[in-house]
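Colleague: with the input below, show me the fold.
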Amino acid sequence: METRGGGWTVIQRRIDGSVDFYRDWREYKFGFGDLNGEHWLGLESIYHLTAFEATQLLVELVDKDGINAYALYETFAIGSEVEGYYLSTLKGYSGDAGDSLTNHLGQGFTTKDLNLDQSTVNCAEEYLGAWWYKSGYTSNLNGKFRSMFPPAAYKYKGINWFSFRNDNYFLSQTRMLVRPEY
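Modeller: Below is the predicted model:
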């Protein structure tokens, strides 16, 4: 992919709501969707892409009005399945979206059937997604697509990057990309 110098692998894409991201652990482990459309590459693949060499993460966001923003992290890695695919490394933020991922550092990945967050409830069930939830979130890129429900009825449950748009303002497109650090 030729974004910002090329060499990127797309690990997550949301563009139109055609794929439901409210899924179980096994599906998040192995991935789902269409690589040419909406998809999640899979935690196991992301682990292998990030665990053995320094890796950058680029998060691209588009809001409902078509305004673009990005967050670039110079170093990103997740742990193995035994470690709950926890967000193990995240350093060197730059961009115009704000840093809404560092708050999740050290957290295991929570799905509707495997709760690894620090909340008294399963955050994946509460927020209708799957993510490195803590006891809540500052980002939720795997939440429900904004057209799937009226926003007033489901506050906090959509695709969100809080520092770019608050929790009442869902995003219309997201993309997460990784590449070896240059």
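Colleague: which non-adjacent residue is nearest the spatially most central residue of the chain?
Modeller: Closest to where the C-alpha atoms of the chain average out (Cα atoms, centre = their mean) is L141, at 4.2 Å. Counting by Cβ to Cβ, 6 or more residues apart in numbering, L141 lies nearest to T174, which is 4.9 Å off, once chain neighbours are set aside. Backbone N, C-alpha and C define where each C-beta goes, glycine included.
Colleague: element containing that neighbour, please.
Modeller: strand 171-180 (DSSP states H and E).
Colleague: just S45 next, same as before
Modeller: Following DSSP H and E, the helix or strand that holds S45 is helix 43-50.
Colleague: let's see stretch 106-120 as PDB, backbone CA atoms only.
Modeller: These are the backbone C-alpha positions of stretch 106-120, laid out as PDB (Å, rounded to 0.1, in the frame of the first residue of the first chain):
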ATOM      1  CA  GLY A 106      -1.300  -3.100  28.600                       C
ATOM      2  CA  GLN A 107      -4.900  -4.300  28.100                       C
ATOM      3  CA  GLY A 108      -5.900  -7.700  26.800                       C
ATOM      4  CA  PHE A 109      -8.200  -7.900  23.800                       C
ATOM      5  CA  THR A 110     -11.800  -8.400  24.900                       C
ATOM      6  CA  THR A 111     -14.600 -10.000  22.800                       C
ATOM      7  CA  LYS A 112     -18.200 -10.800  23.700                       C
ATOM      8  CA  ASP A 113     -17.200 -14.300  24.800                       C
ATOM      9  CA  LEU A 114     -13.800 -13.600  26.500                       C
ATOM     10  CA  ASN A 115     -13.600 -10.700  29.000                       C
ATOM     11  CA  LEU A 116     -10.100  -9.500  29.500                       C
ATOM     12  CA  ASP A 117     -10.900  -5.900  30.500                       C
ATOM     13  CA  GLN A 118     -10.700  -4.300  34.000                       C
ATOM     14  CA  SER A 119     -14.400  -3.400  34.200                       C
ATOM     15  CA  THR A 120     -17.100  -5.100  36.300                       C
END
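Colleague: now tell me what touches that stretch from outside.
Modeller: Residues outside stretch 106-120 that contact it (Cβ atoms under 8 Å, 6 or more residues apart in numbering): 22-25, 28, 43, 78, 83-88, 122-126, 130-136.
Colleague: run through the helices of the protein in chain order.
Modeller: For the chain, helices defined by DSSP state H occupy the ranges 25-30, 43-50, 123-127.
Colleague: the last one - contacts with which helices or strands?
Modeller: Yep, that's helix 123-127 we're talking about. Packing contacts for helix 123-127, counted by 3 or more Cβ pairs under 8 Å, 6 or more residues apart in numbering; DSSP states H and E, involve no helix or strand.
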